[in-house]
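Asker: sequence and predicted model, in that order:
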Amino acid sequence: MKKALTLLVTLALSCNSSQKTLKEATSEAVSEEASEITFAESITENELKEHLFTYASDEFEGRETGEPGQKMAIAYIKAEYEKLKIPAAKANGDYFQEVPLEISKLPIGKLSLEGKDFPIGEHVLTFSAAHTSSNEIIYVGYGIEEPNYSNYNDIDVEGKIVLLKAGEPKNADGTYKISGTTEASLWSNMSESLTKRIQIAVDKGATGILYYDTDNFNRFKRRFESMKSNNNGRMELVDNSAVEFYSLFIDQVLAKDILSSIDTDEASKVLTKDLQLSFKSSNNQITSENVAAFIKGTEKPDEYLVISSHLDHIGISPNGEINNGADDDGSGTVALLEIAEAFKLAADAGKGPKRSILFLHVTGEEKGLLGSQYYTDMEPIIPLANTVANLNIDMIGRIDPTREGDRNYIYLIGSDKLSSELHNLSEDVNKKFANIELDYTYNDENDPNRFYYRSDHYNFAKNNIPIIFYFNGTHDDYHRPSDTPDKINYDLLQNRARLIFYTAWEIANREQKIIVDKPTK
């Protein structure tokens with residue numbers, strides 16, 4: 001009976017109409033005998049290709065956030081979920097989650113210290129308006145607060161500008177004070193620690209920071225110069241509830257004008273300095289949208305797996321060329337649609353997932369993970385406490401040039417960062433169903449690309465939600481008009497999407513939810 005069913009489904013799928021034929025095959029036999037393999041096989045090269053040649057066509061104008069092409073993209077995604085009869089995730093039945101954004105033009109102005117002017121762009125950088133004056137600057141060393149070390153002991157920063165520096169303290173023997181070993185802590189990781197330093201200062205009531213980082217000032221300056229040359233402005237979330245806070249990046253010249261001993265001094269102190277910030281910027285508000293659909297769990301409906309991809313790309317180049325973004329992240333978008341279809345077919349056959357699954361297409365990834373940040377930080381459709389894991393798909397349709405001739409792979413990032421259990425589950429599922437090489441090259445903490453911090457999974461990970469980021473690596477067409485659907489390896493896209501489906505199936509149907517045993521510090 002099972003062999004007969006498998007043959008029936010295989011023949012049906014070969015006709016490139018998996019939804020219809022599987023529904024036709026949804027008999028008592030299917031309900032009793034169908035397995036995750038049956039439904040994974042509904043994810044096909046042909047359907048992925050059909051989706052992507054539309055979604056990454058010139059008609060969608062590169063899906064720039066907030067632009068007409070992005071509106072076409074969300075309409076397409078919504079229409080596909082309606083065809084599949086997968087309902088919207090929001091209680092009001094709306095598939096769209098509005099994400100309020102604003103484009104702030106690069107500021108102009110200056111910082112004045114003791115009457116000496118420092119125009120923006122040389123020794124001081126900021127990316128938003130800042131207007132304030134003070135006769136005090138509070139130096140807080142590294143700006144760290146930990147149980148065994150704090151730069152905020154016995155000092156009040158309420159209503160003040162604070163000066164802090166990158167890095168972390170060491171003992172006389174060269175060990176780190178935070179870890180007590182020769183191993184650096186996350187405070188030595190700029191990508192992860194800067195947000196924490198800012199949040200601590202905000203929580204302490206400071207009005208802004210002057211951040212001194214000799215290793216990264218030039219990186220901030222290159223970004224500033226790039227924005228200055230294209231004058232497109234910086235897109236960010238509108239947060240009317242947020243307290244106004246200024247973040248300024250300063251170089252060694254300005255830092256030492258404020259405190260000459262800053263490189264060696266760790267002691268927090270009040271500095272009597274006349275400081276004036278005079279930076280102005282113009283802002284334009286726009287609206288973009290996330291798209292969210294879901295399938296309700298049969299046994300644990302209040303526990304959710306979120307599978308995500310970003311729907312946006314970089315739009316039209318100044319010379320009029322369209323950046324189609326077939327791989328980035330058209331491949332993830334269409335894979336998510338196919339994965340959703342596979343779960344819906346399972347649900348229709350009486351094999352629906354035990355846990356609920358949220359299919360989340362986010363906007364503004366290319367602008368700084370803004371859609372996922374809005375979802376996690378401002379308006380989660382489901383409580384983050386009910387989210388058991390996030391599987392994020394961003395570029396899975398191509399081959400990294402370094403892997404030519406060795407194509408049966410996928411880069412996995414983050415699977416072991418928060419949960420040993422999730423990592424082991426992922427490995428076991430792959431061995432059982434897919435046999436794809438899981439390459440952890442970019443999972444290395446010391447990898448200079450910092451991909452762990454550069455896609456939407458990170459906004460879940462920072463909230464202690466276990467994640468896996470699926471990624472094929474970059475290539476010569478990355479962020480160029482030449483990233484077109486004819487260059488996608490559809491057999492690889494199919495197999496990688498099926499792997500993600502199998503992993504999601506296991507997470508959604510296991511008895512116990514994934515355990516977090518390595519929480520973010």
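Answerer: Thanks, I have the structure now.
Asker: can you give me the helices for this protein?
Answerer: 2-13, 18-24, 28-33, 36-40, 45-55, 68-84, 190-203, 217-230, 252-258, 332-348, 370-377, 420-429, 457-461, 490-509 (DSSP state H).
Asker: of those, which is nearest residue 400?
Answerer: Residue 400 lies closest, by C-beta to C-beta, to one member of these: helix 490-509, at 11.3 Å. Placement of C-beta: from N, CA and C, glycine included.
Asker: send me the closest one as CSV with only the CA atoms.
Answerer: C-alpha atoms of helix 490-509 as CSV (Å, rounded to 0.1, in the frame of the first residue of the first chain):
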residue,chain,number,x,y,z
TYR,A,490,17.4,25.0,-9.6
ASP,A,491,18.4,21.4,-8.6
LEU,A,492,20.4,22.8,-5.7
LEU,A,493,17.6,25.2,-4.8
GLN,A,494,15.2,22.3,-4.7
ASN,A,495,17.5,20.1,-2.6
ARG,A,496,18.3,22.9,-0.1
ALA,A,497,14.7,23.9,0.2
ARG,A,498,13.8,20.3,1.0
LEU,A,499,16.5,20.1,3.6
ILE,A,500,15.0,23.2,5.3
PHE,A,501,11.5,21.7,5.1
TYR,A,502,12.8,18.4,6.7
THR,A,503,14.5,20.4,9.5
ALA,A,504,11.3,22.5,10.1
TRP,A,505,9.2,19.3,10.1
GLU,A,506,11.4,17.8,12.9
ILE,A,507,11.3,21.0,15.0
ALA,A,508,7.6,21.4,14.5
ASN,A,509,6.7,17.8,15.3
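Asker: check which helices and strands it sits against.
Answerer: Here helix 490-509 touches helix 36-40, helix 45-55, strand 300-310, helix 332-348, strand 355-362, strand 387-393, helix 420-429, strand 467-471, going by 3 or more C-beta pairs under 8 Å, 6 or more residues apart in numbering; DSSP states H and E.
Asker: among the ones you listed, which comes closest to residue 122?
Answerer: Per C-beta to C-beta, nearest to residue 122 of the helices and strands packed on helix 490-509: strand 300-310, 34.9 Å.
Asker: make CSV from the helices and strands packed on helix 490-509 and add mean neighbour count to it.
Answerer: Listed next are the helices and strands packed on helix 490-509 as CSV, based on neighbours: other C-beta atoms under 10 Å:
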stretch, mean neighbour count
helix 36-40, 22
helix 45-55, 19
strand 300-310, 24
helix 332-348, 26
strand 355-362, 26
strand 387-393, 27
helix 420-429, 18
strand 467-471, 26
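Asker: got the ones you listed as TSV, with distance to residue 518 and mean pLDDT columns?
Answerer: Shown next, in TSV, are those (distance: least, C-beta to C-beta, whole Å; pLDDT from 0 to 100):
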stretch	distance to residue 518	mean pLDDT
helix 36-40	28	97
helix 45-55	34	98
strand 300-310	19	98
helix 332-348	26	98
strand 355-362	22	98
strand 387-393	14	98
helix 420-429	7	98
strand 467-471	12	98
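Asker: what is the burial count for residue 476?
Answerer: 10 (other C-beta atoms under 10 Å).
Asker: for residue 379, find the nearest of the helices and strands packed on helix 490-509.
Answerer: strand 355-362 (12.2 Å).
Asker: what pairs with the closest one, parallel or antiparallel?
Answerer: When pairing is defined by DSSP bridges, strand 355-362 lines up against strand 283-295 (antiparallel), strand 300-310 (parallel).
Asker: got JSON lines for these, with distance to residue 488 too?
Answerer: As requested, the strands paired with strand 355-362 are arranged in JSON lines below (distance: least, C-beta to C-beta, whole Å):
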{"stretch": "strand 283-295", "distance to residue 488": "22"}
{"stretch": "strand 300-310", "distance to residue 488": "15"}
